Each structure stands twice: as structure tokens, then as C-alpha cells.
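>>> requesting a structural model of the entry that follows:
(chains A, B, C and D)
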Number of protein chains: 4
Amino acid sequence: MAKKSLRIGLIGYGFMGRAHSNAYAKVGNFFDSEYQLVRQAVCARDEEKARQFASRWGYASVETDWRKLIARDDIDVIDIAVPNNLHAEMAIAAAKAGKMILCEKPLAMNSKEAEKMVAAVEKAKVPNMVWYNYRRCPAVVLAKQLIDEGRLGKIFHYRANFLQDWTISADLPQGGAALWRLDVKAAGSGVTGDLLAHCIDTALWLNGGIKDVNAMTETFIKQRKHQLTGKVEKVGIDDACAFLCHFNNGSLGLFESTRYARGHKALYTFEINGEHASIKWDLHDLHRLQWFDHKDEGKLRGWRSIHVSDGDHPYTGKWWVPGLQLGSEHSFVHQVVEFLQGLESGKPALPNFRDGLATDYVVDAVLKSAKGHRWEKVKQVKG
Amino acid sequence: MAKKSLRIGLIGYGFMGRAHSNAYAKVGNFFDSEYQLVRQAVCARDEEKARQFASRWGYASVETDWRKLIARDDIDVIDIAVPNNLHAEMAIAAAKAGKMILCEKPLAMNSKEAEKMVAAVEKAKVPNMVWYNYRRCPAVVLAKQLIDEGRLGKIFHYRANFLQDWTISADLPQGGAALWRLDVKAAGSGVTGDLLAHCIDTALWLNGGIKDVNAMTETFIKQRKHQLTGKVEKVGIDDACAFLCHFNNGSLGLFESTRYARGHKALYTFEINGEHASIKWDLHDLHRLQWFDHKDEGKLRGWRSIHVSDGDHPYTGKWWVPGLQLGSEHSFVHQVVEFLQGLESGKPALPNFRDGLATDYVVDAVLKSAKGHRWEKVKQVKG
Amino acid sequence: MAKKSLRIGLIGYGFMGRAHSNAYAKVGNFFDSEYQLVRQAVCARDEEKARQFASRWGYASVETDWRKLIARDDIDVIDIAVPNNLHAEMAIAAAKAGKMILCEKPLAMNSKEAEKMVAAVEKAKVPNMVWYNYRRCPAVVLAKQLIDEGRLGKIFHYRANFLQDWTISADLPQGGAALWRLDVKAAGSGVTGDLLAHCIDTALWLNGGIKDVNAMTETFIKQRKHQLTGKVEKVGIDDACAFLCHFNNGSLGLFESTRYARGHKALYTFEINGEHASIKWDLHDLHRLQWFDHKDEGKLRGWRSIHVSDGDHPYTGKWWVPGLQLGSEHSFVHQVVEFLQGLESGKPALPNFRDGLATDYVVDAVLKSAKGHRWEKVKQVKG
Amino acid sequence: MAKKSLRIGLIGYGFMGRAHSNAYAKVGNFFDSEYQLVRQAVCARDEEKARQFASRWGYASVETDWRKLIARDDIDVIDIAVPNNLHAEMAIAAAKAGKMILCEKPLAMNSKEAEKMVAAVEKAKVPNMVWYNYRRCPAVVLAKQLIDEGRLGKIFHYRANFLQDWTISADLPQGGAALWRLDVKAAGSGVTGDLLAHCIDTALWLNGGIKDVNAMTETFIKQRKHQLTGKVEKVGIDDACAFLCHFNNGSLGLFESTRYARGHKALYTFEINGEHASIKWDLHDLHRLQWFDHKDEGKLRGWRSIHVSDGDHPYTGKWWVPGLQLGSEHSFVHQVVEFLQGLESGKPALPNFRDGLATDYVVDAVLKSAKGHRWEKVKQVKG
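Residues are numbered from 1 along each chain as shown, chains lettered A, B, ... in the order given. As a prediction, the model looks like this:
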């Protein structure tokens, strides 16, 4: 049976452009699908760099104007892998053009924008997804299975953090291609939208909606040279953010993120404590899930370190053999698998733009709470 | 040279009475001092149990009325190892009688009481100490040394939690000898005064004062049978508490405690992130300190797991040989060592009642913040 | 500049055929080279399966007779990814045809065969390599760097083991496509050639030649049904093997492998103890290297867990960002990188057939020692 | 009920004299017994040091001649805590005098001596024990329980090592009070009798007798200055030893010890692989047992890290509360508990001199094998 082509038009060629491209290239080697992904075009303002990227990653053509890319008839899917301040305009245009959309996270600069994006894709009835890829690490999916099977019972606590240490130096500039995450105009916020958004997305998936939040933020380095203007400018992003919250299910949440935690490169951890069992996970050893089951015999109770690489673990049976660990990049492949299965089944792949909006509602409430020094209700996605 | 006798009068024979007695019995075997500790008397309302305890632990006599104990001329030190609601009255009476005082933590039911206790010991000029023993785990003292040596540079983050799981069952009653920690009238508060107080004491010692706090508390099981009345009564304690804070040095703090975290028996952890280095510690493996030093050569940077059992580590040279780990009980011995060295040097041993008051100020602000759903300033101990 | 094509002819489509193909597909996305790898043909006896494999992995054509594949003018490299008993014949034929050769490990059924293979490639002067891929895990290469930099000083000990648990059931049959590793006629030996060969290859690379060995082997399950004959037949392989040895540098070696170690899927570990420092590594967490440096300040000495994912770590700068771990499959990509760099530099990529022979000499001595219950000298590869 | 006095006469005041004294002092505080231990006398050639030790540890008297100590009527138990070369003479004399005997490990300089010691205590019918204290770590006892309950099924593998790093410097002298372990005349052997003896004792207890062994030893530093003679003398001890073996139950054993493993202070580890389950333990974190159970549900299988500090774990219910770890010294207390229970029950406490002899048979075979470069049968204790 001939496969249906799914022609990708990628906007952006940075870290995320590479990660997505790698996923497109690999998925068909390991997973069966009715669809054949075609790397049709990559779009970037710098034509030479776009050509180099296309050559390296096997894209058939290049564009330098994203509006032209969206206008092309031979593109089925627009993949938005550019700074946050460009997401909304591109996504809304792509939706109007009837394209499927895969958008990098966070979905938008704020929930106002995100609402418009949701409205656009829902009006256009186009499949849509947000690249919250950590949901698709096998160990995280295993955690989801265990929760859905009711093994934890009533949930009491959810805690997560995302710790990095790459912006401690005051000499690091802000802005420009490599450092747009430090420029509030491109990023919208600092660690809250960049890192906590991952933690929030996973939490909403695993533990349901968040009712209210109480946050504090900090900007440790108040001024940095801006790469584009060459001038020392005020830093507008949050360097660190922590918040307390209540989930709708009655459990308590505790979240923290910073780029000032020496010794942590990309330490995303979460832990869930339930009546019967608890779960821990850590991005630095993403192929392991920590599991404590109170139903185990008393004298033998202990945290199990599950090496999530067996044939009966999520996704892993499609890859190698038990004991051989996957890496970080595989989560992107699995995200594509989900997207393709969504197309096949008609059941939308998650997280979609609505999920992305839900996370942005939390992000907005967190930033508002930090500014106002008080508890804030979180707006809920209607559905 | 003959040693000076230091005659102990212990009030209480529970878990803490045993831990203190063990420390008194062992300290002279391992540490040199001008002082010889004498287990002179133990006091408890139940005379038969007091006698059994005295026999087991080598106390020379028993009392059933703590006022009589305090009145005895042959007692130099009063050790208060009873529920929190009795600390203030006993300590103030002991101070008036000119006794040295070692008091279990938290110092008092609240900072009002604690202020009176501080006033009493300072007026009487009697040596005083609070049993925040975790300060005296060798790995924690090593952490203190590293901070005092300036190795961490500017501090950005301090996070600590104390997780347990022993009160999850709704069938567990409150009150009485074994479960007074669940009875607000005996304990004053729940995890905040019991567990977070440890975290706060260590934090104040390692990272200085806390400026303001923002807390949430929860009582998951609203009613429990009371052991003494036999009736189902409202639970007045907090089962869980988390708070955000700012330290006076500009660093951000995040604290959490609960007795509803499956899989954790007594998991007290803290982590400090500084400009140059970071530290982690965990009571479940208390003989290890985790150390990350950014000054290490780039490609060889990593968290070091230091087995704190060498001759040049705090206290450990007095015990066994490198590689042989100490246990939890040794922290009490070291607390006694500190007390004795304080007497010898004239420099008060820490943490004293003033330190205990400082922790109670934070505890009070935390509970007030949780109740009022807002940030609260923390009262500072005057120096 | 146009790249030079390097047209691959792959023989075999099992686990290793997939791992190699994945490496060919990915290497150009991440690493620069003068060469462009072309997946030209895959060869297998079952044409239908070969076609499916070609389709999935992008091979341009299929063959069912390996001799025809070797005879093709449009093939530059023969990749041998079939059971051990076929290596020698294929490799010798490929060498005669002037093809470059990448051969799965162990190089041969025994050192006699291996010697002929070395002679063949050296006579034909064709580039050759053996797929001992674990050498090319970034953490293992980092270990090699540290040793080469002299940081360990005199080496005292080398220990390694490779533990699995997949053959414990007596019901597991031997032989056939999936289980040829249990059939002595296809595999040559059991864990010694399959798993210890990896340990030996790494050891020879990191610690130099082995002088003599003293081994014991065991076959726990004496008879298993054979997949091909359908009859219960004697098991000819070793289920477990352990050996003592002396390295030429005076250090002592200890090696063990088994498929009967419950709880270990593919636990390959090694540890090296030197005068100044020690190193540990573990395939189950292959992105980490454990490092102990005696030159660290005394009170701060401890094992460092290095997350080998930084820009200055071997290979990792070409992939993602610090903190994002690579998986097992990446070692194959790096093996291809080495091969290509060998072609570019003219300095043969390692491990080549000579290295494969050196390992086979050790394997032979180990098996002979186990059979004879005595120490055996290891034949050295002449240089 | 009045307790029976058990009057201890201790010979030696080094590390082990302290460890035993600490056990005598503590046991009655935590464990109930018909017996009351009395620290009656300590014996050492240096009277002043003996007096200091007696004062510190509460011994009622001192002796400088061990024969006089043994002759005293007011001594019930002789505790031999001196270098190995003195064990046999002292123990045989003590047995003749009808004393109970607690002897440090290894039991003797060799099995010839040990046989005489066994004969002496059995003729005299005096209770006897060897201080292989690691048997009595709670986690090790838990391992024994799990094995005895049949949870592991058929055993395939047993591996153990004991790694240290304190003799790497060539400047370290041999002999004298502190360094007698490096003097073959006082110690009998190096790591084999000192460290491997522990590993062997535990192995015989957990996994039954050893049939034959095949060993290699090494002395890395060939000459060291002798503390007593002041001259550089040949080093007679083994610095490192490794051996292969077969257990009587068909499992394979692998043992190693060295004092040249940088980064390990006292790393005694063992691992047992059975048909159904596996166990690991490590002296550096002695309060934990690692447990893998194949009967766990497939997708949730993993190594459990059991924090052996609960009320239903061996011994631990007598100490503190769950989560508070014990240290190394507690194993000596438990050894005394076993001895007292043996007296009460009439069932000899283990390990007794016969067990000590069994270990010495293995030690002798190991040393003989290393010398002869061949497999050696192990003599079995009759009984």
C-alpha cells in the first residue's frame, strides 16, 4: 500500500529546527505509519544558511519568506521553530492557509495570543500540536500509564523543578540569534515560559488542572549588553521563578526554575506522591523511572529504579534491545509518532494548541502573581 | 586532672530521652573534655517507667515531679525532652533555679513563649541550647565550613524539604504519649514546627536570616479519633506546608514538608546554589555530602559524592576509621560535644535559645502567611 | 566542494543491520566529512525481507547472494552484520574484491580465522574496522583521554563485567535467526565471544595488552531445544565466564560475564584504579563517567558523576545542548565518524582487524584456560 | 529478676578494642537480655595506656600480662583484640582456663592454628565466637533472611570485593602498633586474611561452602621500611588478591580485594544472582540493601533501594525510628546480641570458631593457589 505523503515546511534552523528534522528523518525507520514524511522546504531569512541546512538535513527546497512558504501548495505541515514572539502570527496565517501546524513551546508570548491561535486552528479545523516533547520520554509515558491505571490512589503532592546554570556570568549578553531567550521582547518571559512551561505541561497532563498559584520571581543580573543594539539594557526576563499551587484534584504543587543553579545543566525533575505509590523522574537520567509502591511487602519496600528500555515499555520495543538506553532526541521522534497516530485515528494528538493555551494560562497567572505578590486564580480552558 | 562533674536531670523518656541519654553515655568514650557527664536523675510522671528507664540508661535516681527535679541541688543541667507545650514553663523554672538547659526543638509553642524563655535564660545567665541535632551531622558541618570559607560565592538559591509518610492512614489516631505530634494542643503545629523547624534552623545557620515568607498549608485528614478523649475530633495541625521566602542575603528560598509523601521515611534534604559551587545533603544518606565545584576543570566537572568519614572531616576522626559511616544518633553526641566546648571556651554553644527563637519567628510567620494567604515579614532576633 | 560518495553494501538486517543503517543515515546530519555515505544495497537470503528493510532504511537495491554483492562495482564498503561463523569467508572475499570492510564483532569464530582475515585485508590494503562500538561512547572516549593524559599514573587494577539475564529460562531454545548466539556452531562461543569480547576490546584500548589469563566457564543449562532441528541438543556455548589476568603494564585484571545475572539487562561496567585517580563506567547509564581524583583537596575528595554531554566532551558538541543525554545508538554513529576520519587522514580508524585479532587472541586463551583449568599465555599481535 | 553478670576481660586497646568496648557499653541500653555485661578488666603491655583506656571506657581494672588476665577468677569472657599472630596462643590458654572467648578475625594465622583453636574450645566446651561483624549489619541479615526464605531460587553467581586505597604510598612503613597489618609476621597475610576473610565469611554464611579456588595475588610495593627494625625489609604480605571459585551449590564465585583502589576507603560489596531475584550490598552505604525481584510485574521491574531502618527489619526496631540510619559500629553491638542470645538459648552464636576455621581453610587454599598458579580444593570443616 502506498503511503500518504506529508510534506513538511520548517521555519527556523536552530537547535529546535535540528531536533525536529532529526525526528522527521528517523521516525519512518522505527515506526510504522500510513504517512510518509517528506522534508519539503526549510525557511529562514538567511538564504545561504537555509541552503546549508537543507543540504545537511535533506530538505528539497528553501524559502526566505515564511509567508511564501505558507502559501505553497506543496506543503502540508508548517513547523514553527522560531522565537516565541513570532509564533502567533505564523500559526494564525498557517491555519488560514489550511496547513497542519506543529509549533514550538511555549505556544505564545502570553495567553491572549494563545487564545487567538487556538481560535484560528479550531476555526480552520487543522491538526495542531505543541512541541512539549518531554511528555514523550518513555519513562514519562510510563508514569502516565501508572497514574491512569489508578496505582497511586489519591494524589497529595506534585513537585517539579527545572534547574540550569548557564546564565550566571554577568558578562553574558542578551538577544540575537543565540541568546534570544534572555531578551524579553523575543521570549516573553524568562525561565517561566521557557522551562517552567515544560514542567507545567507535564503536570497538567499527569495531574490535571491547576486552580491557583502563588509565585515569586527574581532577576539576579539586572542589566546585560544587548547583542543587537550593542548597548547595556535592562534585563526584562525572570532569571528564577518558584510557585506554590493547588491542583483541582486537591493536591499541592511546588514548582521552581532557575538558570542560576550551579551544577545543573538541564535538570528537569518531577515527583508525585500518592496514597499508594510515588513516582520520580529526572531529565539527567531520562531513561529511568523511580517507583515506590507501598503495596510491596513491608520489609522489601524501597524505591525501584526502572531502566525504561524493555519491550513492554512505551515506545522502546520499537528501538533496540533491553538495556540499551535512548537519549533526549528520541522524545521528538515520539512526538511525531503521536502526531501521525492522531492523523490516522482522528483522535487529536496531544499536546495540542488547547493544551498549550492551558499552560499559558498558568504561566500568565504565575507572572501576575509574582508581580502582585499574591495568590492568583488560573483561567481554565473551556472544553 | 580531675574532671568537673556535670550532673544531668532529664525530663522525659521517649525517643528523644533515649537519644540524649545515648549521647551522654557515649561522648566521654570518644571526645576529650574537662567535664564528666553524670546521669543523675530522670523524671517522668509514671514512676515505674521512670525506674525502668533509669535502670536501662544508668540514671542514679528518679523523680516524678519535674519541679522537684529542678529544685534539687545535685542537678546542674536540665534536659527537656517532653512535648512542646511543656517547654516554656519548665525552661523558665529551670532558668530561675540557675540550671543550664538543653531543650528539645522547637523551642516553644510559638515565638511569644520563646521570647519569654530567652529572657529567662539571659536574665539568669545560664548556658542554654536547643536540640537541633541535624546541624551536627558531620556532612552538614562540612557544608558550613565550605560556606564559611567563601567557596560558594554569592548565594542564589536555598531549597530544603522534609518528607515523611507515616500519617497517610485515616485510621491513625491523634494525641497521647506516642502521637502527641498530631495533637495541636501538645505540638502547637504540625509539620511546620516539627519538621520544617529543622530545615529552618539549618538554613538560618548556613545561609543567614529570612526576610519574608509566603506559605500554604494543608490538613488532608480533617478529623481523627483522639487517644485521650476517645472521640473523633477536628485535626488542628498542618499535615503539609510549603513556603517561598527571601533570605537577607538576596537568595531565594523554597521549603516544603509533609507527612504524606509515600516512600520517604525521614527524607530531610537541602541544596544550596552559589555562584561558584553547590551543595546537597540528604538525611537518608547522612554520611555523604554532594559537592559541585565550577572551578573544577571543565570536562571533569561533576557532582562529587563525599563519604564524610575521613580523619579531616568534622568530628569523624574521633570515631572509627575512614570509610566506616556514622549513623543518625551521632549527631546528638556532637551536640553534646558542642555544649561542653561552649562551657570550656565561654563561647556559647549553638544553637542556643536565641537561635531557637529565630526559628520560631520564621515558623510563626509561615503559619500566619498560610492563614492570611499573603506574604509576611519575619521578625528578626535582636543582637 | 562535492563530497566523495562511499557506497555501502550491507549484509544482514538484524539488530546490528539496523544499528549500522541508523548510523549511516545520521552521521551526515551531525558530523562534517569529505565523504557522503550512500546506502546502496542490502543483502539477505530472504528477498522479501530484504526489500522491506531496504524500503524502511533507504537502501537503493537488494541482493540475496552476498557474493554478488561483493562483486558489484558500485559498492565501496562491505558491512558484515551476520552471525560470527560467516565473518571470515565474507571478509576475505570482500578484501580480495578490494572493498573496504566494516565487520561486526567478534571478528571471527577464533583467532585462526581472524589471522587469515587480517592477512587478507592487509594484503589487499583495504581500510577495515570492527564494530566494537562501546569504545565510542563519549564517556568511554573521555576515559581514554584521561588515561592518555597520564592522570591516573601507574595502573594497579582493571575490572570489567558484562551481565545479562535473558537466558535463565530452560525453555528458551537455541539457534535460528533470533537465537543464533546460543548455538555454538553459529556463535563460536557464548558470553566470552559475545560480551567479554567487548570488555576485552575496551580494556586493550584503555590499558594495553594482556599477558596471561586464568579462566572458568560454566554452562548452567546443559541442553536446549534447537530451533532449526527441533531436537533437544547439547548446549555448546559458555553461559558464564570469569577470568583473572595480568596486563603487560603490571596491573591486575578481573573480568566476568554471564547471561544469568537477574536484574541486569546489559550491564557492561569497567573500573580502572590508578595511582592518582580512578574511573568507572556503566553501560546502563552510559552518558555518565565516574571520576575520583586523589589530587582533589582532602576533605573534598569524592567520586564525581560527570554528565558527559557538554560541548568540550568527546563528540557531544556536535549533537544537542549540555544536559541532554545521548543514547546507545550514538556509539555506532561515532564509529562511522572514526572510519571516515580514518579515510580522510590516512591514519587507520580503530579498532581495525588487527585489534579484532588481539581480542580474539585473548578470547581463545580464555577458553583454553577454562578448558585446561590453568593459566594460559596470550598470543600478542605482532606490530 | 536479677541479671547474670558476664565479666569481660579485653586484651588489646586498638581500633577493635574500642569497637568491642563500645558494643559492650551500648548493648544493654537497646537490647534485653538475662545477662549484664561488666567491663571488668583490660589488658595491654603498656600499663599507662591500659589505664587511660580503662578510664575512658569504664573498665574496672587493668592487667599487663594476658596470662594473668586469663587466670583471674572474676573474668568470664576473654576478648582477643590483638594482632593475628597472638590469637592462637591466647585462645587456647583461655579455653583451658574455661573462659568463653570472643576472638577477632581472622581466627588464626592459618588453618593449622585454627584447627587447634577449634579443638581447644570444643574440648573445653566454652562458648566461642569470631568477630566477623559485617554479618550483623541489618541489611546483611535481611539478605540472609531473603535467601533462607528461598526467594532467590537456584543461585548462579556470587561476587564480592573489598577495596581500599590506604597503602598506595611507597613511603608508608610496615609493622608496629598501627601498621602491623602490613607485617606478614604479625598478620599472616595481607588483604586475603584481613579483608577477603570478611567477604569469605559472609559468603559461606549466605551461600554455603566453597569447593575449590583459583587465585592470583600481587605485592605492588616490594620493600618497605619496618617500624620496629628501622630497616627497609621485603614486604611479605599480599597487597591484592583475586580468586575464582565454585561453591558447593553449583554457583560461581568471584572475589577480589586490594589496598590499591583509589577512591575506595572501605568498599566491601557483594552481589548474589539467583534464578528469581538478586541482592546487592555495599559497606559504604551499609544501611541500604539493593533488591531485584523478577516476580515483580514486568514493566515495573527495577532494583529497589531498601533503606533498612524500619521496625520490621533485623535489629532496627530496637534502635530509633524509621528513616534514621545506623552506622558501622552497630554491627558490633549486634554481634554481642547474638552472643548473648546464644548463651540464653544454648544454640551457639555464629560465627563460632568452626566458622572461623572454615574461612581460614578458604584463605589457605587461596594463598596456596596463588603461589602454585593452579586450582586448589578447599578443605571442608567436618561436623
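
>>> for residue A:145, see how far away residue A:154 is.
Distance from residue A:154 to residue A:145, counting by Cβ to Cβ, to the nearest Å: 18 Å. For every residue, glycine as well, the C-beta is placed using N, CA and C.

>>> measure the spatially closest residue to residue A:45 that is not a sequence neighbour to chain D for me?
Nearest residue to residue A:45, sequence neighbours excluded (Cβ to Cβ, 6 or more residues apart in numbering or on different chains): residue A:64, at 5.7 Å. According to Cβ to the nearest Cβ, to the nearest Å, residue A:64 and chain D sit 48 Å apart.

>>> what of residue A:96?
Taking Cβ to the nearest Cβ, one finds residue A:96 at 44 Å from chain D.

>>> was I right about that residue contacting residue A:124?
Yes: between residue A:96 and residue A:124 there is a contact under Cβ atoms under 8 Å: 6.4 Å.

>>> who has more neighbours, the two?
The neighbour count for residue A:96 versus residue A:124, taken as other Cβ atoms under 10 Å in any protein chain shown, is higher for residue A:124 (17 against 14).

>>> what sits against the residue nearest to residue A:45?
A:43-47, A:50 (Cβ atoms under 8 Å, 6 or more residues apart in numbering or on different chains).

>>> report the buried residues of the lengthiest helix in chain A.
Longest helix of chain A, by residue count under DSSP state H: helix A:353-372. Using 16 or more other Cβ atoms under 10 Å in any protein chain shown as the test for burial, helix A:353-372 gives A:353-367, A:369-370.

>>> again, but for stretch A:63-79
With burial defined by 16+ other Cβ under 10 Å, the residues of stretch A:63-79 counted as buried are A:63, A:66, A:69-70, A:72, A:75-79.

>>> what does stretch A:104-123 give?
Judged by neighbour count using 16+ other Cβ under 10 Å, the buried positions of stretch A:104-123 are A:104-111, A:113-118, A:120-121.

>>> show me which of those is closest to chain C.
residue A:104 (14.6 Å; Cβ to the nearest Cβ).

>>> chain B versus the closest one, what's the distance?
Distance from residue A:104 to chain B, by Cβ to the nearest Cβ: 28 Å.

>>> wait, that residue touches residue A:16, no?
Yes: Residue A:104 is within contact range of residue A:16, at 5.3 Å (criterion: Cβ under 8 Å).

>>> the helices in the stretch 251-383 of chain A, which residues?
With DSSP state H, counting those that start in this stretch as the criterion, the stretch 251-383 of chain A has helices at A:330-345, A:353-372.

>>> name the helix or strand for residue A:146, please.
helix A:138-148 (DSSP states H and E).

>>> show me which residues of that helix are buried.
A:138-144, A:146-147.

>>> can you lay out those residues as CSV showing distance to residue B:10 and pLDDT?
Listed next are the buried residues of helix A:138-148 as CSV, based on distance: Cβ to Cβ, whole Å; pLDDT from 0 to 100:
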residue, distance to residue B:10, pLDDT
A:138, 55, 98
A:139, 50, 98
A:140, 51, 98
A:141, 55, 98
A:142, 51, 98
A:143, 48, 98
A:144, 53, 98
A:146, 48, 98
A:147, 48, 98
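
>>> who in the stretch 251-383 of chain A is up against chain D?
Contact residues (Cβ under 8 Å from any Cβ of the partner chain) of the stretch 251-383 of chain A with chain D: A:289, A:291, A:293, A:296, A:298-307, A:310, A:312-313.

>>> return a PyMOL selection command for the buried portion of these.
What follows is the PyMOL syntax selecting those of those that are buried according to 16+ other Cβ under 10 Å:
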select buried, chain A and resi 289+291+293+296+299+300+301+302+303+304+305+306+307+310+313
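
>>> near chain C, which of the residues of the stretch 251-383 of chain A next to chain D show up?
Among those, proximity to chain C is found for A:307, A:310 (Cβ under 8 Å from any Cβ).

>>> quick revisit: and the longest helix of chain A, average pLDDT?
The average pLDDT within helix A:353-372 is 98.

>>> how many residues are close by residue A:34?
Counted by other Cβ under 10 Å, the residues lying close to residue A:34 total 13.

>>> distance of it from residue A:5?
11 Å.

>>> next: residue A:151.
41 Å.

>>> out of those two, which sits in the busier spot?
When residue A:151 and residue A:5 are compared for neighbours, residue A:151 comes out ahead with 16 against 13, by other Cβ under 10 Å.

>>> list the contacts of the more buried one.
A:274, A:276-277, A:293.

>>> cool, and residue A:163?
By Cβ under 8 Å, 6+ apart, the contact list for residue A:163 reads A:256-258, A:261, A:264, A:267, B:273.

>>> by neighbours, which of those wins?
Using other Cβ under 10 Å as the neighbour test, these are led by residue A:258, with 30 neighbours.

>>> spatially nearest residue to that residue, not counting backbone neighbours?
Excluding the flanking residues, the one nearest residue A:258 by Cβ to Cβ, 6+ apart is residue A:240, at 3.8 Å.

>>> looks like that neighbour contacts residue A:260 (just checking).
Yes: counting by Cβ under 8 Å, residue A:260 is a contact partner of residue A:240 at 6.1 Å.

>>> shared neighbours of these two, which are they?
A:220, B:156-157.

>>> from the residues you listed, pick the one nearest chain D.
residue B:157 (25.4 Å).

>>> quick one: buried residues of stretch A:249-266?
Buried residues in stretch A:249-266 (16+ other Cβ under 10 Å): A:251-266.

>>> so which of those residues are in strands?
If you go by DSSP state E, those have A:252-258 in strands.

>>> what's the helix or strand for residue A:243?
Assigned by DSSP H and E, residue A:243 falls within strand A:240-247.

>>> residue A:209 is in contact with residue A:377, isn't it?
No: Residue A:209 is beyond contact range of residue A:377, at 11.5 Å (criterion: Cβ under 8 Å).

>>> now the element after whatever helix or strand residue A:121 lives in, going C-ward?
Element membership for residue A:121 (DSSP H and E) is helix A:111-124. Toward the C-terminus, helix A:111-124 is succeeded by strand A:128-130 as the next helix or strand (DSSP H and E).

>>> give the rounded mean pLDDT of that following strand.
Mean predicted lDDT for strand A:128-130 stands at 98.

>>> with stretch A:180-193 instead?
95.

>>> ok, stretch A:291-300 next?
Mean predicted lDDT for stretch A:291-300 stands at 97.

>>> next, see if that stretch gets close to chain B.
Yes: using Cβ under 8 Å from any Cβ, stretch A:291-300 reaches chain B at A:292, A:294.

>>> so how far is that stretch from its chain's centroid?
Per Cα atoms, centre = their mean, to the nearest Å, the displacement of stretch A:291-300 from the mean C-alpha position of its chain is 33 Å.

>>> what's the answer for stretch A:64-75, then?
Computed by Cα atoms, centre = their mean, the chain-centroid distance of stretch A:64-75 equals 25 Å.

>>> same check on stretch A:152-170?
Taking Cα atoms, centre = their mean, one finds the center of stretch A:152-170 at 15 Å from the center of the full chain.

>>> could you give me the buried positions within that stretch?
By 16+ other Cβ under 10 Å, the buried positions in stretch A:152-170 come out as A:152, A:155-165, A:167-168.

>>> next one: stretch A:345-353
By neighbour count with 16+ other Cβ under 10 Å, stretch A:345-353 contains the buried residues A:348-353.

>>> quick check, nearest of those residues to chain C?
Nearest member of the buried residues of stretch A:345-353 to chain C, counting by Cβ to the nearest Cβ, is residue A:351, at 20.1 Å.

>>> hang on, isn't the closest one packed against residue A:201?
Yes: with contact defined as Cβ under 8 Å, residue A:351 and residue A:201 form a contacting pair (6.0 Å).
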